[in-house]
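[1] got a sequence here, can you build the structure:
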Amino acid sequence: MLLEVAREVPPESTQQAVGYPALFLLVALGALMPVIPTGALVSSAAVVALHHETLPWGLALVFVVAALGAFTGDLALYWLGQRGVRSRNGSRWLAALRDRAAPEKLAAAQERLTEHGVAVLVVSRLVPAGRIPVMLACLLAEMPLRTFARGDLPACLAWAATYQLIGILGGSLFDEPWKGLVLAVALALLLSAAPAVWRRLRRRAA
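    Below is the predicted model of the structure:
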């Protein structure tokens, strides 16, 4: 009986039941801990949706789930950072944010925040390694969580759209999904690593 029921369930339904919650959790965790390449993850999911899901609903779900995961992770990290700002002894989350934000980047982020307000959050999400200094600048400016959320939501939407477009580009170039997957992941990782490589080259040249 169970085997008959399992055979009647479409493979796409099983992929959605497992894949989308996993995508949400991994993106949210990636916002908290930078060990997960969330951009490459979203691009990979877009390639899979492009080849195996019913268009355009599969891609729409990837976009919504990725943006919601990033937004949830950002809010959780900001809330944890706020607890450290309000505490006399700080917190390990606030200390971790300080360690991940170079002093010159933090100073630049504070200046941009003063000039442009929460709009700077959109740019910070799209620039690799730009999110943490701006978030720390918001924390040190004691920006309320609600104000941060209003600026972070469009930032997460723009971020999810950017990496999904990378996946669509890679997936549309090849008929075989694995080739598009490899290209999309490579492009996403290259986009994430390019600023760090450029800074190292400038330092060597100087």
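[2] do you know the pLDDT at P10?
    Looking at P10, its pLDDT reads 44.
[3] ok, for G151, nearest residue in space, not its chain neighbours?
    V118 (2.8 Å; CB to CB, 6 or more residues apart in numbering). C-betas here are computed from N, CA, C, even on glycine.
[4] count of residues packed around that neighbour?
    19 (other CB atoms under 10 Å).
[5] correct me, but it touches T147?
    Yes. With contact defined as CB atoms under 8 Å, V118 counts as touching T147 (6.3 Å).
[6] after the helix or strand hosting R83, which helix or strand is next?
    Using DSSP states H and E, R83 sits within helix 57-86. Where DSSP H and E defines the elements, the next helix or strand beyond helix 57-86 is helix 92-100.
[7] so which elements touch the helix or strand that comes right after that next one?
    Next helix or strand after helix 92-100 toward the C-terminus (DSSP H and E): helix 103-116. Using 3 or more CB pairs under 8 Å, 6 or more residues apart in numbering; DSSP states H and E as the contact criterion, the elements in contact with helix 103-116 are helix 120-126, helix 131-140.
[8] which residues are in contact with helix 103-116?
    101, 120, 123-124, 129-130, 133-134, 136-138, 140-141 (CB atoms under 8 Å, 6 or more residues apart in numbering).
[9] one more pass at 7 Å, please.
    120, 133-134, 136-138, 141 (CB atoms under 7 Å, 6 or more residues apart in numbering).
[10] what are the buried residues along that helix?
    105-106, 109-110, 112-113 (16 or more other CB atoms under 10 Å).
[11] and stretch 85-101, by the same measure?
    Those would be 91, 93-94, 96-98, 101, for stretch 85-101 by 16+ other CB under 10 Å.
[12] using PDB, write down the CA coordinates of it.
    The C-alpha trace of stretch 85-101 is given here as PDB (Å, rounded to 0.1, in the frame of the first residue of the first chain):
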ATOM      1  CA  VAL A  85      25.400  46.500  22.000                       C
ATOM      2  CA  ARG A  86      23.000  46.800  25.000                       C
ATOM      3  CA  SER A  87      25.100  44.600  27.200                       C
ATOM      4  CA  ARG A  88      28.000  46.000  29.200                       C
ATOM      5  CA  ASN A  89      30.100  42.900  28.500                       C
ATOM      6  CA  GLY A  90      29.100  42.700  24.800                       C
ATOM      7  CA  SER A  91      28.500  39.300  23.300                       C
ATOM      8  CA  ARG A  92      30.300  36.800  21.200                       C
ATOM      9  CA  TRP A  93      28.100  37.600  18.200                       C
ATOM     10  CA  LEU A  94      29.000  41.300  18.400                       C
ATOM     11  CA  ALA A  95      32.600  40.400  18.800                       C
ATOM     12  CA  ALA A  96      32.400  38.100  15.800                       C
ATOM     13  CA  LEU A  97      31.000  41.000  13.700                       C
ATOM     14  CA  ARG A  98      33.800  43.300  14.800                       C
ATOM     15  CA  ASP A  99      36.400  40.700  13.900                       C
ATOM     16  CA  ARG A 100      34.800  40.300  10.400                       C
ATOM     17  CA  ALA A 101      34.700  44.000   9.700                       C
END
